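J.: What shape does this take:
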Amino acid sequence: MAGEITYRRVYEETSAEDGRRILVDRVWPRGIRKADAHLDEWLRDVAPSTELRKWYGHTPGRYAEFRRRYLAELHDAGHRQAAEHLRDLAGHARLTLLTASKDVDHSQAAVLADWLTGSRSAGS
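T.: Numbers count the residues shown, from 1 in each chain. Reported below is the predicted structural model:
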């Protein structure tokens, strides 16, 4: 049985409810020291490709297409191993997916949370 999956900004306070804290950004968040991030893992290879991230630019009108492209990327060779590792973690523990994105509901963390929980909106 899968654990609970949540997501939020890496800059927010940690919580006893977080479970395993996984950073899902390709680039380290600005202004935060690694020692202060309180992470269990940094899975940069599960993050969107640099090309997709730059194309998206966190433009809300592009979110649906970003989501579609990102879900496709999770199956490619560059993402597959990290995506499978994240699925395995999600099957055994409560996870909090962390991102530096200001709009977390339109971020890769939100896409991953839907994907991991099998939400109908996840598309895959």
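J.: from here on, contacts and neighbour counts on C-alpha atoms
T.: Noted.
J.: and the longest helix for the chain?
T.: Determined from DSSP state H, the single longest helix within the chain is helix 77-90.
J.: mind checking how far that helix is from the chain centre?
T.: Between the mean C-alpha location of helix 77-90 and the chain-wide mean there is a distance of 11 Å, by C-alpha atoms, centre = their mean, to the nearest Å.
J.: Toward the C-terminus, what is the element adjacent to that helix?
T.: Following helix 77-90 in sequence order, the next helix or strand is strand 95-99 (DSSP states H and E).
J.: picking up where we left off before, may I see the buried residues of the longest helix of the chain?
T.: Of the residues in helix 77-90, those scored as buried under the neighbour-count criterion (16 or more other C-alpha atoms under 10 Å) are 79, 82-83, 86-87, 89-90.
J.: could I get the residues you listed as TSV with pLDDT and distance to G31?
T.: Shown next, in TSV, are those (pLDDT from 0 to 100; distance: C-alpha to C-alpha, whole Å):
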residue	pLDDT	distance to G31
H79	94	27
A82	96	25
A83	95	27
L86	96	26
R87	94	29
L89	94	28
A90	93	28
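J.: out of these, who's nearest L43?
T.: Each of the buried residues of helix 77-90 was scored against L43 by C-alpha to C-alpha, and A82 proved nearest at 6.7 Å.
J.: Contact partners for the spatially closest residue to that closest one that is not a sequence neighbour?
T.: The spatial neighbour of A82 that comes closest, neighbours along the chain excluded (C-alpha to C-alpha, 6 or more residues apart in numbering), is V46 at 5.2 Å. Listed by C-alpha atoms under 8 Å, 6 or more residues apart in numbering, the contact set of V46 reads 24-26, 74, 79-80, 82-83.
J.: Now with 7 Å, please.
T.: Contact partners of V46, counting by C-alpha atoms under 7 Å, 6 or more residues apart in numbering, are 24, 79, 82-83.
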